[in-house]
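# can you look at this prediction? I've put the sequence above it.
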Amino acid sequence: MQNPFGAAGGAGPSGPARPGEDYYHILGIDRSANDDAIKKAYRRMALRYHPDKTGHDPAAAEQFQKVQHAYTILSDEKKRKIYDKYGERGVQMTESMGGVPFIDPEALLAMRWSFFFGTVIVSVFILFPIFVALRADSIVTWSWFAVFAPLYAVDLVVLSQILRSSPSDEDEEKEDEEDEESERTRGGSSSSSALGGDIRGDATSRREAKKEKKRIEERNSKIFRTIYTVLCVVVQILFPVKLDGLIGTTSWAAVFAPWFLLEIVNAYSHFQNLLLKYKTGVVLAPTSMDEEGPPTRPLTGGEKVVAAIKTYRIWLVRVVQLILIILRADGALAADWRLVFIPSYLFGLIELLFIVYSYILLSRGLNDGGGARRSEIGASIVMKTVVLIVMGTLFYTLVGLLVTRLLNDDADPSAPRRPPASTILVPIFIVLGVVFCCTCCCLPCLVYCTRLTLESKFQDGQDVVITELVNPNRRIEFQQSNGAVVAQPPAVAGSGSGISGSTAASSSPKRK
């Protein structure tokens with residue numbers, strides 16, 4: 001909601017309202033007042049304390065700023081909810097940090113729904129390997145269409161969400177306000193009214209062109225996602241048709257034809273991302289806070305080759321592996337099943353080589369960026385190594401059991417060494433079980449406990465240190481006069497409430 005009296009002086013985290021002053025009391029309204037009552041109260045109080053009526057009275061000017069700041073908070077629905085629940089310090093933290101999801105009502109609601117739908121989708125996904133194991137081991141005699149029913153349910157949900165997705169009015173309004181503020185900043189220094197009118201006209205044209213371009217991009221993205229989902233559904237329909245013998249002697253290559261169309265689309269998408277990476281270059285560590293964006297440098301020839309391999313490695317392994325399996329299943333390839341899965345064996349080696357390559361660059365100091373950037377890369381290498389060990393163990397266990405079953409099926413289907421499908425799919429059950437626990441229990445509990453901790457600190461009047469919520473390597477830091485780096489704007493630190501800067505300064509390394 002725009003301020004009807006022009007610029008809102010002090011409408012920021014360091015607003016003129018003193019700690020403990022109630023915004024409702026400043027405007028002279030009840031906490032149950034609606035938007036119209038807030039607007040009327042603001043106009044009444046703003047007219048009473050406006051500098052044009054009170055002259056140069058410092059007390060009136062200060063009160064006018066308080067009224068403006070109170071209206072800025074209470075007229076915004078989201079900020080008002082945060083203020084009603086967490087007080088002024090909650091609003092200050094949200095504004096100074098660009099939004100705190102643990103106290104943002106909209107973010108909390110979005111997280112709750114994402115946890116709910118994530119739990120439902122993962123639960124349905126768990127049913128699919130269970131049905132596959134039961135049908136493959138002949139425990140049940142269902143049609144393969146019944147086995148694939150959980151996937152069809154997920155496809156229906158995904159497709160409906162894609163067709164319903166559209167940019168919200170709130171997002172468009174926020175972007176318009178940001179564009180208007182940017183244009184006012186550009187044209188504010190112009191003293192000519194005619195030139196100012198031309199600037200405003202050009203700004204409007206640029207905003208309309210930007211909105212039209214975004215609408216086209218969103219429409220193309222929706223078409224792309226719809227086609228992608230439809231091709232996945234077609235594959236999931238042809239697969240049980242082939243297994244149930246409804247299409248006779250149709251080859252597996254024909255069944256997977258839509259899948260290869262998907263891979264062509266994926267290859268094009270990877271190509272676009274690779275071109276963007278070539279254009280962007282390598283992001284360097286910023287040298288000052290005044291830079292509009294992080295500095296970059298172009299990629300070298302070797303870096304371009306490495307970037308291309310990183311972009312296409314999973315795609316290439318996946319396509320080659322699928323081609324070999326199809327040729328072997330159709331009888332066009334007489335190789336042993338252990339040789340057919342060579343691309344899967346090599347995939348783990350490729351990932352290990354990339355981790356070693358990253359470690360060599362880090363150890364030789366060839367990574368761009370400062371100390372914080374290097375520490376992030378080191379942590380990333382450790383995380384990738386752990387993930388590779390865990391996921392590699394599960395994946396190669398799955399591949400080994402599958403190859404053993406396929407070899408026994410070729411020799412003697414009733415051989416005693418033939419592992420059941422339920423045993424082969426154990427790694428998949430482990431992964432889906434962990435994901436299920438995270439979506440339905442671990443992540444919701446983590447969010448809930450963090451929110452309760454913040455609420456208790458706000459209610460008890462304790463200072464909330466910014467390092468408790470933001471990684472020190474990612475937070476914005478400001479240089480003080482004494483040379484210490486404090487993890488918050490100086491205005492907030494000096495207000496006597498809100499985020500504690502002294503504690504953050506004592507726990508943060510000093511920079512020169």
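Alright, I've got the coordinates. Numbering: from 1, shown residues only.
# what residue ranges in the stretch 151-300 of the chain score low on pLDDT?
Judged by pLDDT under 70, the stretch 151-300 of the chain has its weakly predicted residues at 166-203, 285-294.
# now do the strands in it.
For the stretch 151-300 of the chain, the strands defined by DSSP state E, counting those that start in this stretch occupy 282-283, 296-297.
# which other helices and strands contact the first one?
So the one you mean is strand 282-283. Packing partners of strand 282-283 (3 or more C-beta pairs under 8 Å, 6 or more residues apart in numbering; DSSP states H and E): strand 296-297. Every residue, glycine included, has its C-beta placed from N, CA and C.
# just the CA coordinates of stretch 384-399, formatted as CSV?
Output in CSV follows, covering the C-alpha atoms of stretch 384-399 (Å, rounded to 0.1, in the frame of the first residue of the first chain):
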residue,chain,number,x,y,z
LYS,A,384,30.0,-34.3,-1.7
THR,A,385,32.4,-36.9,-0.5
VAL,A,386,30.0,-38.1,2.2
VAL,A,387,27.1,-38.1,-0.2
LEU,A,388,29.1,-40.0,-2.8
ILE,A,389,30.1,-42.7,-0.3
VAL,A,390,26.5,-43.2,1.1
MET,A,391,24.6,-42.9,-2.2
GLY,A,392,27.3,-44.9,-4.1
THR,A,393,27.0,-47.7,-1.6
LEU,A,394,23.2,-47.9,-2.0
PHE,A,395,23.4,-47.5,-5.8
TYR,A,396,26.0,-50.1,-6.5
THR,A,397,24.2,-52.5,-4.1
LEU,A,398,21.1,-52.1,-6.2
VAL,A,399,23.0,-52.6,-9.5
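# how close does residue 427 sit to residue 352?
19 Å (C-beta to C-beta, to the nearest Å).
# on that earlier part again, which one of the strands of the stretch 151-300 of the chain lies nearest to residue 90?
strand 282-283 (33.0 Å; C-beta to C-beta).
# partners of the closest one, with directions?
Using DSSP bridges, the strands paired with strand 282-283 are strand 296-297 (antiparallel).
# following element in sequence after the strand it pairs with, please.
helix 301-329 (DSSP states H and E).
# how about that next one: buried residues?
Residues 307, 311-313, 316-319, 321-322, 324-329 are the ones in helix 301-329 that count as buried (16 or more other C-beta atoms under 10 Å).
# for the very next helix or strand once past that helix, name the packing helices and strands.
Note on helix 301-329: by DSSP H and E, the next helix or strand toward the C-terminus is helix 337-340. Applying 3+ C-beta pairs under 8 Å, 6+ apart, one finds that helix 337-340 makes contact with helix 301-329, helix 371-411.
# and these, which one is worst for confidence?
With a mean of 87, helix 371-411 has the lowest mean pLDDT of the helices and strands packed on helix 337-340.
# most distant residue from the centre of the chain?
Using C-alpha atoms, centre = their mean, the residue of the chain lying farthest from its centre is residue 55. It sits 50.4 Å away.
# phi, psi of that residue?
Main-chain dihedrals, residue 55, degrees, to the nearest 10: phi 70, psi -130.
# from residue 49, how far off is it?
The spacing between residue 55 and residue 49, counted by C-beta to C-beta, is 11 Å.
# repeat that for residue 265.
Going from residue 265 to residue 49 by C-beta to C-beta gives 61 Å.
# do residue 151 as well
To residue 49, residue 151 is 64 Å away according to C-beta to C-beta.
# looking at the strands of the stretch 151-300 of the chain, which is closest to residue 250?
Counting by C-beta to C-beta, residue 250 lies closest to strand 282-283 out of the strands of the stretch 151-300 of the chain; the figure is 49.1 Å.
# rewinding a little: which of the helices and strands packed on helix 337-340 sits closest to residue 431?
helix 371-411 (6.5 Å).
# quick one: that closest one to helix 301-329, angle?
With axes from the mean of the first three to the mean of the last three C-alpha atoms, to 10 degrees defining the directions, helix 371-411 sits at 20 degrees from helix 301-329.
# centre of the chain versus helix 371-411, how much separation?
Distance, stretch centre to chain centre, for helix 371-411: 24 Å (C-alpha atoms, centre = their mean, to the nearest Å).
# same thing with stretch 211-228?
With C-alpha atoms, centre = their mean as the basis, stretch 211-228 stands 19 Å off its chain's centre.
# same question for stretch 153-161.
Distance, centroid of stretch 153-161 to centroid of chain: 21 Å (C-alpha atoms, centre = their mean).
# perfect, that will be all.
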